[in-house]
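this is a predicted model, with the sequence first.
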Amino acid sequence: MSTDHPTTPAPQHLRLADGRRLAYAEYGAAHGLPVLYCHGFPSSHREARLLEPAAHALGVRLVTLDRPGYGGSDALPGRTLLDWADDCAQVLDRLGLERVALIGVSGGGPFALACAARIPTRLSACTLVCPLGPVYRAEVLAAMPRPARAALQLVRKAPRFARLVYGPPVSDLLARWPTLIERIRDAAAPRIDRTLLAEPEIRAIMNGNLRDALGAGAHGALRDIQLYTQPWGFDVADVDLAIDLWHGEIDGSVPVAHAHWYARHLRRCTSHILPGEGHFSLPLRHAEAILTQLIERAATPAGRKATTTMQIDAPGSRA
């Protein structure tokens, strides 16, 4: 996968109704199908650059926002998952976009689902890529790798613990030297992920992304980790939007068990479980397939129902 592009757009800012600034950037085809991108954790708008070549090739306009407290977006104390959907609706209004397709990656999955629950009429399609499940539920939390499970359990029982793990000085160190997280990131990653993450272009984007995410402090990461570990404010089973879910079978960050949980609880879910793919290799190697499926779903008439299905895909060639 090549991530070359002649220019890297600087983030722009919108002023929301409550006076907050929200940062966003656009990648891909300027006049293409608008796709709202929900970034992972901890992350920023820059993450969407990894999908930019596929977006250009397929005529997709990726609109990617920094969640409150990340990058150039002002923090919103006490924000909820559903508050994010309200922010997104304001952004769509400001950009003159009546409906968009939606993609949520990793820790952005719960935020994408909040949009599907809150503003379904603004969405033409929704895709989740290796999405984090509702880890406030015991059976979902139990599937997490042991170190992550222990940290999430502590955050759930004592939300202030999150500040010890993700707050300063840790966030300050990672923002200044993002390479410090590489060993942590690689520890649970399968070989295919480690190989891809070692590529200079991808490594530069990932490290720049972390620098952007934490450069203004840890407000975004701290609130996200608290939100993941508490009830989300909506029931996943009530989401009545056709959703495509992509997950790598050997994902070391978000176990494939989370995809199986979603497949059982979402009303209209088509799961694509890819053997031999990890947390990072899945979106990097299959970006065109993921976006192509999203485009096709966006073109499906709203009245045409999709039932819950499971599809096991064979590993494809690198996009």
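Nice, I can see it.

give me the phi and psi for the nearest residue to residue 56 once chain neighbours are set aside.
Leaving out its chain neighbours, the residue that sits closest to residue 56 by C-beta to C-beta, 6 or more residues apart in numbering is residue 28, at 5.4 Å. Any C-beta I mention is one placed from the backbone N, CA and C, and that applies to glycine too. Backbone geometry at residue 28, expressed as degrees, to the nearest 10, gives phi 90, psi -140.

how many residues are close by residue 28?
Using other C-beta atoms under 10 Å, residue 28 has 27 other residues around it.

what do you get for residue 188?
By other C-beta under 10 Å, neighbour count at residue 188 equals 18.

before we move on, what about residue 19?
7.

which element is the closest residue to residue 81 other than its chain neighbours on?
Excluding the flanking residues, the one nearest residue 81 by C-beta to C-beta, 6+ apart is residue 114, at 4.0 Å. Residue 114 belongs to helix 109-118 when assigned by DSSP states H and E.

now do residue 96, the pLDDT please.
At residue 96, the model reports a pLDDT of 96.

returning to what we had before: per-residue confidence at the residue nearest to residue 56?
95.

cool, residue 188 as well?
At residue 188, pLDDT is 77.

surely it touches residue 253?
Yes. Counting by C-beta atoms under 8 Å, residue 188 does reach residue 253; the two are 6.1 Å apart.

wait, the residue nearest to residue 56 sits on residue 50?
No. Counting by C-beta under 8 Å, residue 28 sits too far from residue 50 to count as a contact (11.6 Å).

could you tell me how many residues sit around the nearest residue to residue 249 once chain neighbours are set aside?
Beyond its immediate neighbours in the sequence, the residue positioned closest to residue 249 (C-beta to C-beta, 6+ apart) is residue 275, lying 4.8 Å away. Neighbours of residue 275 under the rule other C-beta under 10 Å: 11.

any idea how far residue 275 is from residue 256?
Counting by C-beta to C-beta, to the nearest Å, the gap from residue 275 to residue 256 is 10 Å.

got any residues that touch both of these two?
249, 250 (C-beta atoms under 8 Å, 6 or more residues apart in numbering).

list the contacts of residue 148.
Contacts of residue 148 by C-beta under 8 Å, 6+ apart are 188, 253.

can you confirm it is in a helix?
Yes. Membership of residue 148 in a helix is supported by DSSP: H, G, I helix; E, B strand; the rest coil.

for residue 236, give its distance to residue 48.
Residue 236 is 24 Å from residue 48, by C-beta to C-beta.

residue 117 contacts residue 243, doesn't it?
No. Using C-beta under 8 Å as the test, residue 117 is too far from residue 243 to be in contact (11.3 Å).
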